[in-house]
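# Let me see the structure of the following:
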Amino acid sequence: MINLLELVYPNVCGFCNKICKNELCNKCKMKIIQHQIDIVIKPENKYFKELISILKYEGIIRDKILQYKFEDKAYIYKTFAKIVLKNKKVCGLLKKYDIIIPVPIHKKRKLQRGYNQTQLIAKEISKNIDIKLCNNVLVKNKNTIAQSKLNKNKRKQNIKGAFKALNVQNIQGKSVLLFDDIYTTGSTANECSKILKEAGAKTVGVLTIAKD
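Numbers count the residues shown, from 1 in each chain. Predicted coordinates:
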């Protein structure tokens, strides 16, 4: 039976916008596979216990993340969420966490952009995996310079004191998964994890779409 809605609004690839049955066309799937890493890192001297990253921050992945964040292409969140959710290895690791918290952006930045790119993806992950989404715990109270505009030496100082925790009763004694789109130096992830640990989180893990 013909679906009239699909005739008017056909399914398209989330990356190239060509009509296809799934969220990604075969050509874009092959491009993504070339950048797949699926790594789990146990860092030393960090406030988070593990880093889970799926893709290398390069090529088409870098281009699409930048478009998603800075070129008003909020719809790409569904494609990035599907990349996470279709990775059985990663989903298995995520199920040990009680709560997922997206890295927040400052209210002025959100007003300019219209959305928080990490929140959209985290919400989709939460809906499909039994992890509670908490948007009211971690907030960004300092409108910092975008980390991407700074060198590695200045990023740690730029992000220091930029976040604070509210409603801490929601995370006390819980295993918290912090979600961000990109991991470069780890300055943002570590600062957020520090705030969450100080607020009473039992453990903090970090999930990112891509790693530099």
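# which residues of the chain score low on pLDDT?
Applying pLDDT under 70 to the chain flags residues 1-10, 145, 148-152.
# Run a quick neighbour tally on K174.
Other residues within reach of K174, judged by other Cβ atoms under 10 Å, total 19. For the C-beta atoms, the positions are set from N, CA and C on the backbone; glycine is no exception.
# how close does it get to G186?
As judged by Cβ to Cβ, to the nearest Å, K174 and G186 stand 22 Å apart.
# likewise C20?
The value you get for C20 to G186, if Cβ to Cβ is used, is 36 Å.
# Next: K123.
To G186, K123 is 24 Å away according to Cβ to Cβ.
# With neighbour numbers in mind, choose between these two.
Taking neighbours as other Cβ under 10 Å, K123 and G186 compare with G186 leading, 22 against 17.
# For that one, which non-adjacent residue is spatially closest?
Spatial nearest neighbour of G186, excluding adjacent residues (Cβ to Cβ, 6 or more residues apart in numbering): K46 at 6.7 Å.
# Are we agreed that the one you found is in a helix?
No. K46 is assigned coil when assessed by DSSP: H, G, I helix; E, B strand; the rest coil, not a helix.
# who touches it in this structure?
Shown in contact with K46 (Cβ atoms under 8 Å, 6 or more residues apart in numbering): 186, 189-190, 193.
# again, only this time at 7 Å
186, 190, 193 (Cβ atoms under 7 Å, 6 or more residues apart in numbering).
# go on, D130?
K95.
# at 6 Å instead, please
Taking Cβ atoms under 6 Å, 6 or more residues apart in numbering, we find D130 in contact with no residue.
# cool, and the one 4 residues further on?
C134 makes contacts with 99, 101, 170, as judged by Cβ under 6 Å, 6+ apart.
# ok, 10 Å please
Residues near C134 by Cβ atoms under 10 Å, 6 or more residues apart in numbering: 98-102, 122, 126, 167, 170-171, 174, 176.
# Make TSV from those and add secondary structure and distance to N87 to it.
Shown next, in TSV, are these (DSSP: H, G, I helix; E, B strand; the rest coil; distance: Cβ to Cβ, whole Å):
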residue	secondary structure	distance to N87
D98	coil	20
I99	strand	20
I100	strand	15
I101	strand	20
P102	strand	18
A122	helix	16
S126	helix	16
N167	coil	31
N170	helix	27
I171	coil	25
K174	coil	24
V176	strand	20
